[in-house]
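In: Just a sequence and a predicted model for now, questions to come.
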Amino acid sequence: MKHCDKCKVDIQTNQKYCPLCHQILQGENDPERKEIYPEYVPLNRTVLPLTKKIFLFITIISIITLIIVNFMTWSQSPKLWSVIPIGATLYFWLVVRYGILSKQNIAFKLAFLTTILLIILNFIDQNYTLDVTTQGWAINYVTPLALLACSTAISFIIWIKRINYREYLIYLMTILVFSLVPLLLVLLKVADVKWPSIAAFWSAIFILLVIIFFFPKSIKNEIKKRFHL
């Protein structure tokens with residue numbers, strides 16, 4: 001039996017490293033012990049490549065159809081109205097492809113989909129908002145509040161889900177980046193209405209500090225591993 005000085009546990013194994021913290025175990029190997037592992041059964045069904053191709057095919061056909069209908073009705077309404085449903089179709093495909101069918105970590109999915117959604121909404125705001133007085137709703141209100149919502153969702157994932165320590169730093173860095181974006185919008189005078197961006201910034205910083213306060217040991221260990229300290 002081997003012993004982990006860091007976790008303070010005894011482990012019946014011949015492995016060199018602790019399965020919990022990956023530190024080197026103390027003790028000698030048991031020559032009569034056989035390492036027997038249960039058969040791995042995946043919890044999630046494997047997504048066939050054909051399924052992804054079908055979703056992509058439907059998306060492409062939908063976009064082509066919207067473009068054709070747009071140009072067929074150009075004489076009646078000379079506007080590129082198809083851009084909005086095309087953006088919604090692309091976002092739906094991204095949600096299915098990277099939010100459902102992808103095996104990447106949840107923080108990356110949330111950050112990626114939130115970024116894509118904000119790009120689409122800001123494009124619609126700048127090009128399709130008819131009333132000039134209401135233009136800027138996406139950058140002034142939706143962008144900072146959506147980034148705050150994403151940071152809050154990621155913080156709940158950290159709090160509730162038992163994530164791998166290797167992913168821990170990625171989650172924190174995502175929240176940090178998303179907290180700085182609203183502040184940059186104010187400093188660069190991109191946002192005309194300042195209070196949503198300022199509120200989103202301080203709220204995200206508060207979330208970050210709460211996480212650091214309650215998980216100091218995890219953060220310290222992860223930084224040491226990342227930077228080989």
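Out: The structure has been received and is ready for your questions.
In: how about the nearest residue to Gly136, chain neighbours excluded?
Out: Once flanking residues are discounted, Gly136 sits nearest to Asp192: 5.7 Å by C-beta to C-beta, 6 or more residues apart in numbering. Every residue, glycine included, has its C-beta placed from N, CA and C.
In: quick check: domain ranges of this structure?
Out: Taking automatic domain parsing as the criterion, the chain consists of the domains 1-41, 138-229.
In: Let me know which of the ones you listed is the nearest to Asn70.
Out: domain 138-229 (22.5 Å; C-beta to C-beta).
In: Give me the distance between that closest one and the centre of its chain.
Out: 11 Å (C-alpha atoms, centre = their mean, to the nearest Å).
In: circling back to that earlier point, distance of the residue nearest to Gly136 relative to Val186?
Out: Separation of Asp192 from Val186 (C-beta to C-beta, to the nearest Å) stands at 10 Å.
In: Those two: who's more crowded?
Out: Val186 (19 against 11; other C-beta atoms under 10 Å).
In: pretty sure Ala199 contacts Pro144?
Out: Yes. Using C-beta atoms under 8 Å, Ala199 is in contact with Pro144, at 7.4 Å.
In: pretty sure Thr129 is touching Asn140, no?
Out: No. Counting by C-beta under 8 Å, Thr129 does not reach Asn140; the two are 11.8 Å apart.
In: higher neighbour count, Ala199 and Pro144?
Out: Pro144 (30 against 14).
In: mind checking how far that one is from Leu121?
Out: 12 Å.
In: From Met1, how far off is the residue of the chain positioned farthest from its centre?
Out: When distances to the mean C-alpha position of the chain are computed (C-alpha atoms, centre = their mean), the maximum falls on Glu32, with 46.1 Å. Relative to Met1, Glu32 is positioned 12 Å away (C-beta to C-beta).
In: Please work out the average pLDDT along stretch 73-93.
Out: In this model, stretch 73-93 carries a mean pLDDT of 78.
In: Then stretch 49-67?
Out: Per-residue scores along stretch 49-67 average to 85.
In: for stretch 21-39, same thing?
Out: pLDDT averaged over stretch 21-39 gives 74.
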